[in-house]
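Enquirer: Starting from these lines, generate the structure:
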Amino acid sequence: MPKGGQVQTASIATSDQEDTLKFKLSIEAGSLVAKLYDKLLALYHQETDQHRVQQSLNKLCVRLVFCWYVDDAGLFGHNNSFNHYFQDIPAKYCRDALYGLFKVLDTPESLRMRDEWPERLAFPYVGGGLFQGCEQDLVPQFTPEVKDFIIKTGALFNWSEISPTIFGAVFESTLNPESRRKGGMHYTSVKNIHKVIDPLFMDQLQDELAQCLNIKAKAARIKALEAFQNKLAHLKFLDPACGSGNFLTESYISLRRLENQVIRERFAQQSFLGLEDLKPILVNIDQFYGIEINDFAVTVANTAMWIAKNQMLEETKSIISHSHKLLPLDSSAHIVEANALTTPWEQVVTLKELSFIKGNPPFSGARFMTHANKQDLKQVLGADWPTNAGDIDFVGGWFKKAHDVMCLFPHIKTAFVATNSICQGTSVANLWEPLLTQGSEICFAHRSFVWDSEVSSKAHVHCVIVGFANSKRLTAEPKYLYEGDLATPAQHINAYLLDGADASVCERKQPLCPDVPVGSMGNQPIDNGNYLFTSKGKAAFVHKEPQAEPYFQRWFGGKEFLYGTERYCLFLGSCTEAELENMPLVRKRVEAVRKYRQRSTRDSTVKMAQEPTKFQTQNTPNTPYLVIPEVSSSERQYIPIGFMQPQDGLCSNKLKLFPQATLYHFSVLTSAVHMVWTNVVCGRLETRINYSTELVYNTFPWPQQVSSKLRQQMEAAAQEILKVRAAHHELNLAQMYTPNKMPHDLVSAHQHNDLLVLQAYGFSPDWSAERIFAALYQLYVQYQL
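Expert: Okay, the predicted model is just below:
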């Protein structure tokens, strides 16, 4: 349970300084492995089977890193045993020397050939399958440079101090060709992993341990600690998209550190040397299960778990004298190579024994899935899925499979990381409404935040974390909503990640309320930019072809509307063939548009190639109209909206147009009440508002029975906002609505308008955003009756 409302990361018994050092070492190790990878890859130049080369190279790098780790951890007997083995071997014999060593490491001492090199026989049996089948792998002929690099890399720093949680992910992305093409090493920070595992199970386990330690009677305290340790040893965890195993590894480390606190209390000052029947360590890596589609990531995950196991053994040795050793690898995590969406999870773990499901499934929006992704998701959702399955993100498949498992075994609890779109826009109705209706309930959630997942790339992914379980389990468990480091108790968490009743808003083709303007998007040329010009570009074009001047109009997209940027559009809707013949440069543009449309994969666009002077979508109101930009910063208190005139120019599809809108409509749409609705139900681009006519405007419940007097007051308030804007003509709309920098008179005008709109709804000025949304949602439901 969070203490004092602040999130406490359960990385027990480690200092920030120690974690920082391990982080830096792990990143440095990843960089060294990347360099080694490139040097080794260059030696495969004569091989034609690239798939086999890739697999062999990946295994070789994993085995080398494992040897460096084990060597520095003192598990090969003497320090630097691995480097000493290679030191005096000429480069041209290194390949055979590696084959020989790997084979010995995979062979128990009793089964080894007696005529084997004495230097090899000194190495212990490793087992665990890490070196199995090495004779089938391609190992290149080493050059002196590569040999020296391997020796220097192994000796550069203490590999036993790397973080298996971070290094596993960095290592996998370093050697994964897809990750290397995208650029950058990828990892998930330990802090973000704890955002998942702490509220899922670690917070509760820490509380239980604290209760045990607070028992004053020694005999009762030891008995309680023994029961707690047995509980830890019987927990089982599944990560059904485990990648390089970072969630599994950090979960194991966290559990073992809890156990080490128990061991310190139960067995401190006792020696266990030679007492094999008495085993103080009960938690093992075989309690952890994973599913991963990439074979190399499976190997990395298992290796990271072995490294984590040894590091935890060393921490236990600092508490008691204990002779347990890592080698040979007598147990392993159950990590299988499989497609998690098409593989029954009961084939991986006995579900009735499973305790928790967690992880970070792949991010892929509904519009960006491959055909194979779509088929996998379709299979998981099933033919009778009640909503639009084609509009669900790929990660929804993992939520659905976990939901199905928990319906059968309600004792299991799940937490997944997902892009924030999973709890916004259409996902709420399409994914969450069926899940919640069929028995799932959200028990905790981290609202949208930037997921630290990349080292050298600067791209940011905006994510949420959703913990959920079967409603049968959650009757007495407290629920929490997390915003940054602040944890807030919640009565009930809905799919929008708000403390409130379940709600879902579905797209509509027409407005929910009568007597309001009908909205539509602006013009969509589908021209590959051939009809769009900057101010300078337009001037240069008209200079060469003056007769084209009448066909240019100002062009307003979101940027032009908000920032006042000048752009122009060549609008040829009324241009005749004879006029085109007199404008060869325009004709050239028209032909470019025709060819571009002909290459499209959409039938409607190909058809429009027959009329290349026309826009795919044309929307030119002949009366004043209201404009709402499709994309706007979520940091703004209000979306900057405004009126435009037909003579102002043409609007792009990035603007929503509302002909016949009045000052009254402007008052409501620019209000804090409308912003509450927008912020909850709309989709997002990263964290920016992605305003949808169908999902936001058409579903918005307008106030009922507004008196003529109040309506006039709202119109006057709207006019005052426009008047104040006009007085700040030196600022564009984006500048006027910059967060925390709005002109004071504009803020005052909006606040006055907000009070009037609240009055129109019968809402109190002191209501929270959550309460306003709840009331709006009730009104939304009433309008549909």
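
Enquirer: which non-adjacent residue is nearest Gln719?
Expert: Taking Cβ to Cβ, 6 or more residues apart in numbering as the measure, Gln719 lies nearest to Leu663, with 5.9 Å between them; neighbours along the chain are not counted. (C-beta placed from N, C-alpha, C; glycine too.)

Enquirer: can you check Ile193 too?
Expert: Nearest-residue entry for Ile193: Glu250, 4.6 Å, with adjacent residues in sequence omitted and distances by Cβ to Cβ, 6+ apart.

Enquirer: Cys575 now?
Expert: Spatially, and ignoring its direct neighbours in sequence, Cys575 is nearest to Thr613 (5.7 Å; Cβ to Cβ, 6+ apart).

Enquirer: For that neighbour, grab the count of nearby residues.
Expert: By the measure other Cβ atoms under 10 Å, the count of residues near Thr613 is 20.

Enquirer: ok, the residue nearest to Gln719 touching Ile721?
Expert: No: with contact taken as Cβ atoms under 8 Å, Leu663 and Ile721 are classed as non-touching, separated by 9.5 Å.

Enquirer: ok, the two, which is more surrounded?
Expert: Neighbours were tallied for Leu663 and for Ile721 using other Cβ under 10 Å; the higher tally belongs to Ile721 (23 against 18).

Enquirer: next one: phi and psi at that one?
Expert: Main-chain torsions, Ile721, degrees, to the nearest 10: phi -60, psi -50.

Enquirer: So what's the residue count around the spatially closest residue to it that is not a sequence neighbour?
Expert: Setting aside the residues directly before and after it, Ile721 is nearest to Ala749 in space (Cβ to Cβ, 6+ apart), at 4.6 Å. Look at Ala749: counted by other Cβ under 10 Å, it has 22 neighbours.

Enquirer: Ala749: helix or strand, and which one exactly?
Expert: With elements taken from DSSP states H and E, the one containing Ala749 is helix 744-761.

Enquirer: What of Glu507?
Expert: In the assignment (DSSP H and E), Glu507 maps to no helix and no strand.

Enquirer: Quick check: it touching Thr426?
Expert: Yes: contact between Glu507 and Thr426 holds when scored by Cβ under 8 Å: they sit 6.4 Å apart.

Enquirer: Who has more neighbours out of these two?
Expert: For the pair Glu507 and Thr426, the greater number of neighbours falls to Thr426 (22 against 18), based on other Cβ under 10 Å.

Enquirer: so the more buried one is in which element?
Expert: Secondary-structure assignment from DSSP H and E places Thr426 in helix 425-427.

Enquirer: Ok, Gln375 next?
Expert: Following DSSP H and E, one finds Gln375 within helix 371-381.

Enquirer: May I have that helix as CSV, with CA atoms only?
Expert: What follows is helix 371-381 as a C-alpha-only set of coordinates in CSV (Å, rounded to 0.1, in the frame of the first residue of the first chain):
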residue,chain,number,x,y,z
HIS,A,371,-2.0,-8.8,-41.5
ALA,A,372,-0.6,-11.5,-39.2
ASN,A,373,-1.2,-9.3,-36.1
LYS,A,374,-4.8,-8.7,-37.2
GLN,A,375,-5.4,-12.4,-37.6
ASP,A,376,-4.0,-13.2,-34.2
LEU,A,377,-6.1,-10.5,-32.6
LYS,A,378,-9.2,-11.7,-34.4
GLN,A,379,-8.6,-15.2,-33.2
VAL,A,380,-8.3,-14.1,-29.6
LEU,A,381,-11.4,-11.9,-29.6
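
Enquirer: Report all helices and strands that that helix contacts.
Expert: When contacts are defined as 3 or more Cβ pairs under 8 Å, 6 or more residues apart in numbering; DSSP states H and E, helix 371-381 sits against helix 396-408.

Enquirer: strand partners of the very next helix or strand once past the helix it packs on, parallel vs antiparallel please.
Expert: In the C-terminal direction, the helix or strand that comes right after helix 396-408 (DSSP H and E) is strand 413-419. Next to strand 413-419 in the sheet, as set by DSSP bridges, lie strand 356-359 (parallel), strand 461-470 (antiparallel).
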